[in-house]
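Starting from these lines, generate the structure:
(one chain, ligands or ions: 1)
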Amino acid sequence: MIYDLIIIGGGPAGITAGIYAARQKINTLLITKDFGGQVSRKAVTIDNYPGFKEILGPELIKKFVEHLKPKDIKIKTAQVGKVEKEEENFLVFTTKKEKFLSKTVIMASGADPRPLEVPGEKEFIGKGVSYCSICDGPIFADKTVAVIGGGNAGFESAIFLANYVKKIYVLEYMPKVAADEINQKVIKKSGKAEIITNVAVKEIKGQTFVDSIIYEDRKTKKKKTLPVGGVFVEIGSQPATSFIKGLVDFNEKDEIKVEFETCQTKTPGLFAAGDLNVGRYKQIITACGEGAKAALAAYGYIQKNK
Ligand SMILES: Cc1cc2nc3c(=O)[nH]c(=O)nc-3n(C[C@H](O)[C@H](O)[C@H](O)COP(=O)(O)OP(=O)(O)OC[C@H]3O[C@@H](n4cnc5c(N)ncnc54)[C@H](O)[C@@H]3O)c2cc1C
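Next comes the predicted model:
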């Protein structure tokens, strides 16, 4: 069977594309690893999505999914491993080697947390190293932890963790943190955080669980050890685009180049919406907007090529 549209990703862009595709009555399959994407990792309330003055990330996603699920589209929980072109159609493979055929594809796989890439990081994932304070924070109750990254994501993570942990080191590579003033004020008020700048993390150490971080003070060039029971990495994200080489053009950040009007990539019928494309302002509302745009453009493409 050939689908009209396959959507890859269940974050704001993919969910919105699904709602729009159902409205256009096209035969659609949405494949996603999970629902929510980065919004599920948002540690403090969201206050910039219209209609909700303040809402928690998981709560907003629950509402999105409740909106999508009754619609007439198929949903599959799986990870896409590859997308290929086969004559006029696209072949979408999951990592379990299942294969689906479609006339159009919207890639909405967003972005993954950027790893630190230091020794010990990979080994201690799930044993003290985390990329999601909202998911894992409560496990670290009464411990001393480090948040790596002094941008808004790092500070928001620290603000959330302050509800549980004994002490938080916020470690920033640059001489100054980049977080908004308001986030800096809130974390100061918690009385639990110590901010250290000019930090180059060199290693995460431990036995069965993380017990320390080794870093270099970039000013003095001295190596230091910080005893911590957990490490939260908050140094930004990278587009989840590795499964789509060949059919699209990338910029230097591995973001997919698209036409502004339609979110179409260089391959006709292949669209990219949300955080994985070159759009500069990566927000829930912009991801939703692009998901809508891409679904309508996919519908237009199908009609034109009937
Ligand atoms: C800590 C943090 C705080 C933020 N705070 C805000 C805020 O307050 N307000 C705001 O507007 N925005 C905020 N953002 C940004 C916002 O979360 C993103 O812009 C938005 O989630 C992008 O949506 P998306 O659908 O493009 O991608 P994502 O949210 O990344 O969703 C991608 C989806 O694709 C799935 N996926 C990935 N790879 C595959 C694959 N190979 N196969 C199948 N499925 C796959 C994932 O499981 C996920 O469901 C924040 C982001 C972070 C990290």
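
Check whether the closest residue in space to Pro12 that isn't next to it in sequence sits in a helix, strand or coil.
Nearest residue to Pro12, sequence neighbours excluded (CB to CB, 6 or more residues apart in numbering): Ala287, at 4.1 Å. (Each C-beta comes from the backbone N, C-alpha and C, glycine too.) Here Ala287 is recorded as helix under DSSP: H, G, I helix; E, B strand; the rest coil.

could you pull out the helices for the stretch 1-150 of the chain?
For the stretch 1-150 of the chain, the helices defined by DSSP state H, counting those that start in this stretch occupy 12-23, 57-68, 133-136.

which residues touch the last one?
Okay, so that is helix 133-136. Defining contact as CB atoms under 8 Å, 6 or more residues apart in numbering, one finds that helix 133-136 is touched by 40-43, 57-58, 130, 147, 157, 160-161, 230, 232, 234.

just to revisit the earlier point, ok, now which ones touch the residue nearest to Pro12?
Gly11, Pro12, Ala13, Thr16, Ala108, Gly110, Ala273, Gly274, Asp275.

sorry, back to before: please name whichever of the contacts of helix 133-136 scores lowest on pLDDT.
Taking those together, the minimum pLDDT is found at Ala43 (71).

Can you get me a residue count around the nearest residue to that residue once chain neighbours are set aside?
The shortest distance from Ala43 to any non-neighbouring residue, by CB to CB, 6+ apart, is to Phe160 (3.5 Å). A count of nearby residues for Phe160, using other CB atoms under 10 Å, gives 20.

quick one: Phe160 and Gly137 touch, right?
Yes. Between Phe160 and Gly137 there is a contact at 5.7 Å, judged by CB atoms under 8 Å.

Which residues are in contact with each of those two?
Ala43.

Distance to Leu29 for the helices of the stretch 1-150 of the chain - can I get that in JSON lines?
Converted to JSON lines, the helices of the stretch 1-150 of the chain look like this (distance: least, CB to CB, whole Å):
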{"stretch": "helix 12-23", "distance to Leu29": "10"}
{"stretch": "helix 57-68", "distance to Leu29": "13"}
{"stretch": "helix 133-136", "distance to Leu29": "27"}
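
In this structure Gly110 contacts Ala13, no?
Yes. Using CB under 8 Å, Gly110 is in contact with Ala13, at 6.9 Å.

Tell me which residue in the stretch 201-306 of the chain sits closest to the ligand.
For the stretch 201-306 of the chain, the residue closest to the ligand is Gly274, as judged by CB to the nearest ligand atom, at 2.2 Å.

Excluding residues flanking it in the chain, which one is nearest that residue?
Nearest residue to Gly274, sequence neighbours excluded (CB to CB, 6+ apart): Ala13, at 2.9 Å.

Point out where the stretch 1-150 of the chain drops to low pLDDT.
Across the stretch 1-150 of the chain, nothing is flagged by pLDDT under 70.

For the residue in the stretch 51-200 of the chain that the ligand sits nearest to, grab the count of nearby residues.
Residue nearest to the ligand within the stretch 51-200 of the chain: Gly110 (2.0 Å; CB to the nearest ligand atom). The number of residues packed near Gly110 is 26, by other CB under 10 Å.

do Glu203 as well
15.

try Gly289
18.

Glu54 now?
Neighbours of Glu54 using other CB under 10 Å come to 11.

Which residue comes closest to it once chain neighbours are left out?
Thr45 (4.4 Å).

The ligand contacts on the protein?
When proximity is defined as CB under 6 Å from any ligand atom, the chain approaches the ligand at 8-14, 31-39, 41-42, 46, 48, 79-80, 108-111, 153, 156, 237, 240, 243, 274-275, 282-285, 287.

Tell me which of those residues fall in strands.
Under the assignment DSSP state E, those contribute Ile8, Ile31, Thr32, Val80, Ala111, Ser237 to strands.

I'd like to know which of the residues you listed is nearest to Tyr301.
Ile8 (16.5 Å; CB to CB).

re the thing from before, from the helices of the stretch 1-150 of the chain, which stretch is densest packed?
helix 12-23 (a mean of 27; mean count of other CB atoms under 10 Å).

chain center to it, what's the gap?
18 Å (CA atoms, centre = their mean, to the nearest Å).

name the helices or strands packed onto it?
Secondary-structure packing of helix 12-23 (3 or more CB pairs under 8 Å, 6 or more residues apart in numbering; DSSP states H and E): strand 2-8, strand 28-32, helix 57-68, strand 99-107, helix 284-304.

Same list, those, but as TSV with distance to Gln264 please.
Shown next, in TSV, are the helices and strands packed on helix 12-23 (distance: least, CB to CB, whole Å):
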stretch	distance to Gln264
strand 2-8	13
strand 28-32	17
helix 57-68	23
strand 99-107	10
helix 284-304	6
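
which one of these lies closest to Gln184?
Between the helices and strands packed on helix 12-23, helix 57-68 lies closest to Gln184; by CB to CB that is 21.3 Å.
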